[in-house]
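K.L.:
my questions concern the predicted model and sequence given below.
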Amino acid sequence: MNAGNLQKKLTYKQKVVSRVEKFNRKHKKLSFVGVTYAISAIICYNVLFYFYRNTKRFTCLACILLFFVTSSSFAYPTMSVGISFATQVNTTDIDGMTSEGSIEAVDTAVSESDVELAAIENVDSSIIEEAYESENPDVAEAEHLDPEKQVSLDDILGARRESDYEEGETEDTPSEASDTPEFRSDDWKLILVNKQHPIPDDYDFHLGTISGTMRCDERIITPLLDMMKAARKDGVTLIICSPYRDMDRQTMLFNNKVQKYMAGGMSYMDAFNLASQAVTVPGSSEHQIGLAIDIISDGYSSLDEGFGKTAAGKWLKANSYKYGFILRYPEGKEDITSIEFEPWHFRYVGVDAATFISENDICLEEFWSIYVK
């Protein structure tokens, strides 16, 4: 037998090393090039050979991942409002679906400015028109027109001793230590609640009674009364409506809208999308934490843009910051807040923050993104 046939076959690594040794002997100054080539070639060879030896394993893994991705993509319907929610629906039939469930959680949402109403066919056009006319749940349900859902300063003080709420006894006063006070995200007054930031599960509610069954965060009652007293001294009568609204109430308002649209011929998903344009999705309303107050006056009881032109609307815009309140959804900031101009909706943030927001002509979302730590 030929001795050459008995010679052990060289491996790829040995062949590369042999070539590099020959190259380095001829080009000693370029030896680093040969070494780099050897290392790169051997590494690439080992990686490719590893995949080659495990072709079946990786093919199976790729098939499993592909199946998972495709099944997940079509298992749940995509919602045009980008909201992830948990709900329970009792279905009577596919064309006339009815819902008896309620929204249990809101994970995340997108701005209303990015929302487009789903294409809906064979639906009463008056239903869609109503949605555009009703951006606020209070407007939709006309709560503000019910005298029992309104309270004036005299109503509040009539049931209490006025001395219990002496002017100036607010929790915080403007800071004078620096031009820009430090604003912290863990300050209860500054909590940001909107579609992108639902109410935290562990939120600690501090509810107090304004008058009768009307409640709000007890920590804002004194500054609220101070503001109403100051307005009265200037000849302006402020009337409170729709302060705190609990989760059950908010859910009921939202589900009522959904069922109303479904009764007009919409599917559940289309009805949900359209309802979210008219009523704030449960869990993302400032009214639910008791820090938001809707305000009207004795001469103007409509929650619309016209309130901003009244004496009460002008007084609030010019003076509310002195008592820790801000116009929550100002005109010209709709693209940021995702809510239409609401001159009746005021939110308590504390005197420092309210003064800073007012002086810089910004909204709460802008304030949070820049100044809150």
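P.N.:
Alright, I've got the coordinates.
K.L.:
the bottom helix or strand of this structure by mean pLDDT?
P.N.:
strand 85-86 (a mean of 33; mean pLDDT, DSSP states H and E).
K.L.:
what's near enough to touch residue 367?
P.N.:
Listed by Cβ atoms under 8 Å, 6 or more residues apart in numbering, the contact set of residue 367 reads 183, 353, 356, 357. In short, each C-beta sits where N, CA and C put it, glycine included.
K.L.:
so which of these is the closest to residue 373?
P.N.:
Nearest to residue 373 out of the contacts of residue 367 is residue 183 (Cβ to Cβ; 6.7 Å).
K.L.:
distance across stretch 211-221, terminal residue to terminal residue?
P.N.:
10 Å (Cα to Cα, to the nearest Å).
K.L.:
for the record, mean pLDDT for stretch 30-42?
P.N.:
The average of the pLDDT scores along stretch 30-42 is 81.
K.L.:
contact partners of it?
P.N.:
Residues outside stretch 30-42 that contact it (Cβ under 8 Å, 6+ apart): 12, 13, 16, 17, 20, 21, 23, 24, 27.
K.L.:
in TSV: the contacts of residue 367, plus neighbour count, pLDDT and secondary structure.
P.N.:
What follows is the contacts of residue 367, written out as TSV (neighbours: other Cβ atoms under 10 Å; pLDDT from 0 to 100; DSSP: H, G, I helix; E, B strand; the rest coil):
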residue	neighbour count	pLDDT	secondary structure
183	19	95	strand
353	24	96	helix
356	22	96	helix
357	21	97	helix
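K.L.:
so can I have a markdown table of the residues you listed showing distance to residue 212?
P.N.:
Below are those laid out as a markdown table (distance: Cβ to Cβ, whole Å):
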| residue | distance to residue 212 |
| --- | --- |
| 183 | 34 |
| 353 | 30 |
| 356 | 34 |
| 357 | 31 |
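K.L.:
for the residues you listed, which one is nearest residue 341?
P.N.:
Using Cβ to Cβ, these come closest to residue 341 at residue 357, 16.0 Å.
K.L.:
how close does the closest one sit to residue 56?
P.N.:
Residue 357 is 63 Å from residue 56, where distance means Cβ to Cβ, to the nearest Å.
K.L.:
ok, residue 152 next?
P.N.:
Shown here: residue 152 relative to residue 56, a distance of 79 Å by Cβ to Cβ.
K.L.:
which of these two has more neighbours?
P.N.:
With neighbours defined as other Cβ atoms under 10 Å, residue 152 and residue 56 compare such that residue 152 has more, 18 against 8.
K.L.:
assign a three-state SS to the closest residue to the more buried one other than its chain neighbours, would you?
P.N.:
Nearest residue to residue 152, sequence neighbours excluded (Cβ to Cβ, 6 or more residues apart in numbering): residue 239, at 5.0 Å. Three-state call for residue 239 (DSSP: H, G, I helix; E, B strand; the rest coil): strand.
K.L.:
can you report how many residues lie near residue 239?
P.N.:
By other Cβ under 10 Å, neighbour count at residue 239 equals 21.
K.L.:
pretty sure it contacts residue 299?
P.N.:
No: here residue 239 does not reach residue 299: they are 9.9 Å apart, not a contact under Cβ atoms under 8 Å.
K.L.:
what are the ranges of the helices in the chain?
P.N.:
3-6, 12-26, 31-53, 55-75, 125-133, 137-141, 153-158, 221-233, 247-263, 268-278, 311-319, 334-337, 351-360, 364-371 (DSSP state H).
K.L.:
can you lay out the ones you listed as CSV showing distance to residue 198?
P.N.:
Output for those, formatted as CSV (distance: least, Cβ to Cβ, whole Å):
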stretch, distance to residue 198
helix 3-6, 77
helix 12-26, 59
helix 31-53, 45
helix 55-75, 24
helix 125-133, 22
helix 137-141, 16
helix 153-158, 31
helix 221-233, 25
helix 247-263, 11
helix 268-278, 13
helix 311-319, 27
helix 334-337, 16
helix 351-360, 21
helix 364-371, 15
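K.L.:
just tell me which of these ends up closest to residue 200.
P.N.:
Closest among these, once you apply Cβ to Cβ, is helix 247-263, at 13.1 Å.
K.L.:
list the buried residues for that closest one?
P.N.:
249-255, 257-262 (16 or more other Cβ atoms under 10 Å).
K.L.:
now those residues in CSV, with pLDDT and distance to residue 197?
P.N.:
Below are these laid out as CSV (pLDDT from 0 to 100; distance: Cβ to Cβ, whole Å):
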residue, pLDDT, distance to residue 197
249, 85, 20
250, 84, 16
251, 89, 19
252, 90, 23
253, 83, 20
254, 86, 18
255, 90, 23
257, 86, 22
258, 90, 23
259, 91, 28
260, 89, 28
261, 89, 26
262, 91, 29
